[in-house]
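Peer 1: Provided below for reference: sequence and predicted model.
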Amino acid sequence: MKILVVSLLRLGDIIQQVPLLRGLRTKYPQASVHLLLNRQFASVEEILGDLVDQYHYFEREALQKGIGEAQFNILWSYRKLDQLVQQLNAQNFDVAYNVTHNKLSAYLLGALNIEDTRGLYFKEKRFQGLDSPWLKYFNERFSSNNTSVFHYIEILSHAFGLPLQSQTEVLKKKSKTVLFQCLTSDPKKNWSLSSFKMLKEEIERNLVDYKVKILAAPFERDLLVSAFATEDILSCDLNQAMEHLKSAALLVTGDTSIKHLAAQVGTPLVELVLGSSDAAKTGAYSSGAYQIQTKVPCAPCVHSVACPQKSHLCAESLTVEDVFVQVWNALSGQAPNKNISLMLDKKVWELYLNGTNSMEGMTFNASDFQTTEAKAWKEETNYFNRLQAQFETELPSRESFLGRKSLSSSDLASFIGLAQEVVRKKIDRVGYFQTVFEALLVRFVQPVEVWDRLNMALKQSRDLLRIRNLVLQKNDIHSKDGGYYAKGIGHLSDRGFEEAGQSVPRDYEDAAI
Amino acid sequence: MITFSENHESSLVAFEAGRALANFSNPQAEALKWSYSLGAMPTQHVVIVGLGAGFHVAALADLDPQLKITVVDNRPGLLPVFRSQFSELSERVEVVIFQNAEDLFKTELYQEVLNQRCFVLSFQECWGENSTVFTNAFAHLTGRSVESVKSHFEDFGINIKAIYMQNKNMLSIKDVLPAIESSHATENEKNVFRTLGELVK
């Protein structure tokens, strides 16, 4: 079996996709895995090892040059790209996975003759490949600034049915070196060098055994020498960076490819989530990642657009003390804070996207439900239930839309007012009602189409809330079980009391009598 | 009118209407600078628009001995001096003389350009009084003029009228994309063009 993986994003994204490539290897151990990536990131080959059998390159820079510079024949880039298409078609791939999910990759896959394409592609004059509810969710949440409860890796592994190994085990290291990766590809995501410098001093003053070193790509060095001593700067390529990370106790970093590299090699890290970076979507996928998210209202901002604020608010809001606390936690081996509410939301969405209401196989930790956060989640559920009921009441009947030629906002005034209030108050953090809000923004020819769309959106939120209530019910049963045991009236299970951890031993002599 | 003058290094430098077609005091250095600025050639056969005094042609030939070079110019008077001054290039460099830029459409060279999508270079210092003619020749050879689109895109059966709506001297692939959408090109071919369209957004 021959598999083509199309990964035409940046270096960090390719490294981030390692768990997917591992999943592919696990699922198809005999398959030959080919990876198509941008030529400028060819150095990633050193990192991917035997996960990939063969590489193909998309000559993005050369193609852009051929398009943009007048000396090139107008069809030079066409011919060059067509050669790549022929080269890939000659491989006779059985299946292609598009992990890029943008128009460019969709068109390119549309140009290839591959029977089985997973993920977005363009054929028969339309975009296809969004049949999976997971990919639809991916499309809705990642193509805009909408929130996502799932990480990029989690969504694609579900969508493509690839087994996802548990996040890389993080081992506490004996090393006393803390690494900093100060600069990112976007100034918006940078914490100031002076803050990094103060953090270095703070670490070395309070944790006397530890030394801080600065990782630097060769082109970053000149900028870094303005803040750090030359001997503290480790100028290195990607492979050398990986070796440094393997032996380091901790990495402190912004949203960089080095962050994903640390996650893959199992180095604990403190991630400064600034600017357009979104830890929930593309944070370091590691159980040893301590993420510090800024609380300013403009974050996360839009990708590839300069910061519109007068000063860099998100970076300024993050103090050296905040970061040092996380460094301390990470070095002392304290587990990152559990986000109970996110965990519960994930369970709900996972059941919904998998199209099942069954709680079978879902495991919950009873103690998680005793937290204040879980109680708040329960209250939020009740509020959402009331909200759903209100939306359904405020939606006029379908009959009242039938036969009408036009529709004005006053026809749906109370429905719109309710939606506006929810949006304004930012109550719906993870988008249970997002499709309802989006339905109000879509233009239709017939008024009845608006009703149909709203009705469909309300069905989605109703289904989601039904699952949410089921999760809550399961939690309630757990809590009550605990209560029965405490009062000594609980049922004795085959395996005995939980406290004893074993069955009551059988007395054979007694049985004989 | 083309004239020649000998500089202190005994090199003949061409002049047009009293204007030198290369740096008079050091034409070799100027040509070397130009050829080094080009970087690696993306095709094995390149076309240079403008012969001028020929020093830039010689510099490029020297830099890449494997490169096939064709020069186009509309001033036949430049040719004898070029051939005698750079006799070692007689086998390597072909010179095509034309009168109007549109004459190029009928040449074998043009067919070769279409087949090989040759890289086209310009050394504007040698264009002299012929800037407009050479600009047109450059655009025709690269397929970036409205008049040349028909032949460059012949395989795709595009609607040329749509291109004539473009009021531009130099077309880019982006200008042609709408015409490609309504052309007889296959869906796979169109997808290759669409991919390129995403690169220019």
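Peer 2: Perfect, thanks for sending it.
Peer 1: who does A:Leu35 form a beta bridge with?
Peer 2: Beta-bridge partners of A:Leu35, counted by DSSP bridges, are A:Val5, A:Tyr55.
Peer 1: show the pLDDT at A:His244.
Peer 2: A:His244 carries a pLDDT score of 95 in this model.
Peer 1: residues contacting residue 102?
Peer 2: The chain I'm using is chain A. A:Asn102 makes contacts with A:Leu8, A:Leu120, B:Glu198, as judged by Cβ atoms under 8 Å, 6 or more residues apart in numbering or on different chains. Just so you know, the C-beta spots here come from the backbone N, C-alpha and C atoms, and that holds for glycine as well.
Peer 1: chain B is the one I meant
Peer 2: Listed by Cβ under 8 Å, 6+ apart, the contact set of B:Glu102 reads B:Asn136, B:His140, B:Glu147.
Peer 1: what about 10 Å?
Peer 2: B:Glu102 makes contact with B:Asn136, B:Ala137, B:His140, B:Ser145, B:Glu147, B:Ser148, according to Cβ atoms under 10 Å, 6 or more residues apart in numbering or on different chains.
Peer 1: likewise B:Ile160?
Peer 2: B:Ile160 makes contact with B:Val146, B:Glu147, B:Val149, B:Lys150, B:Phe153, B:Ala179 under the criterion Cβ under 10 Å, 6+ apart.
Peer 1: number of nearby residues for the first one?
Peer 2: By other Cβ atoms under 10 Å in any protein chain shown, the residues close to B:Val146 number 19.
Peer 1: that one reaches B:Asn169, doesn't it?
Peer 2: Yes. Applying Cβ atoms under 10 Å, one finds B:Val146 in contact with B:Asn169, separated by 9.0 Å.
Peer 1: what helix or strand is A:Arg429 on?
Peer 2: Secondary structure assignment for A:Arg429, by DSSP states H and E: no helix or strand.
Peer 1: how about it: what's its closest non-neighbour residue?
Peer 2: In space, and not counting its chain neighbours, A:Arg429 is closest to A:Thr147: 6.6 Å by Cβ to Cβ, 6 or more residues apart in numbering or on different chains.
Peer 1: the one you found and A:Trp349 touch, don't they?
Peer 2: No. The pair A:Thr147 / A:Trp349 is not scored as a contact, 11.3 Å apart, by Cβ under 10 Å.
Peer 1: which one of the two is surrounded by more residues?
Peer 2: Of the pair A:Thr147 and A:Trp349, A:Trp349 is the one with more neighbours under other Cβ under 10 Å, namely 22 against 16.
Peer 1: what's near enough to touch the nearest residue to the more buried one once chain neighbours are set aside?
Peer 2: Excluding the flanking residues, the one nearest A:Trp349 by Cβ to Cβ, 6+ apart is A:Val149, at 5.4 Å. Under the criterion of Cβ under 10 Å, 6+ apart, the contact list for A:Val149 reads A:137, A:141, A:155, A:280-281, A:339, A:341-350, A:429-431.
Peer 1: again, only using 7 Å
Peer 2: The contact partners of A:Val149, taken as Cβ atoms under 7 Å, 6 or more residues apart in numbering or on different chains, are A:Ala280, A:Leu342, A:Asp345, A:Lys346, A:Trp349, A:Val430.
Peer 1: the nearest residue to A:Gln128 once chain neighbours are set aside: neighbour count?
Peer 2: Nearest non-adjacent residue to A:Gln128, counting by Cβ to Cβ, 6+ apart: A:Tyr121, 5.7 Å away. Per other Cβ under 10 Å, the neighbour tally for A:Tyr121 reads 24.
Peer 1: so A:Tyr121 makes contact with A:Leu112?
Peer 2: No. Look at A:Tyr121 against A:Leu112 with Cβ atoms under 7 Å: they stay out of range, at 8.5 Å.
Peer 1: low-confidence ranges, the stretch 301-450 of chain A, go.
Peer 2: A:357, A:360-364, A:366 (pLDDT under 70).
Peer 1: rerun at 90
Peer 2: Along the stretch 301-450 of chain A, segments meeting pLDDT under 90 span A:301-317, A:332-341, A:343, A:355-375, A:396-412, A:423-427, A:429, A:438-450.
Peer 1: helices and strands of chain B: which one has the lowest mean pLDDT?
Peer 2: Least confident element among the helices and strands of chain B, by mean pLDDT, DSSP states H and E: helix B:160-164 (a mean of 70).
Peer 1: following that one, which helix or strand comes up?
Peer 2: For helix B:160-164, the following helix or strand on the C-terminal side (DSSP H and E) is helix B:173-181.
Peer 1: tell me the helices and strands packed up against that next one.
Peer 2: For helix B:173-181, the packing partners by 3 or more Cβ pairs under 7 Å, 6 or more residues apart in numbering or on different chains; DSSP states H and E come out as helix B:160-164, helix B:187-199.
Peer 1: deepest of these, which one?
Peer 2: helix B:187-199 (a mean of 21; mean count of other Cβ atoms under 10 Å in any protein chain shown).
Peer 1: average pLDDT across stretch A:256-267?
Peer 2: Taken as a whole, stretch A:256-267 has a mean pLDDT of 94.
Peer 1: per-residue confidence for the residue nearest to A:Gln128?
Peer 2: 96.
Peer 1: what's it sitting at in phi/psi?
Peer 2: Backbone torsions for A:Tyr121, taken as degrees, to the nearest 10, come to phi -150, psi 160.
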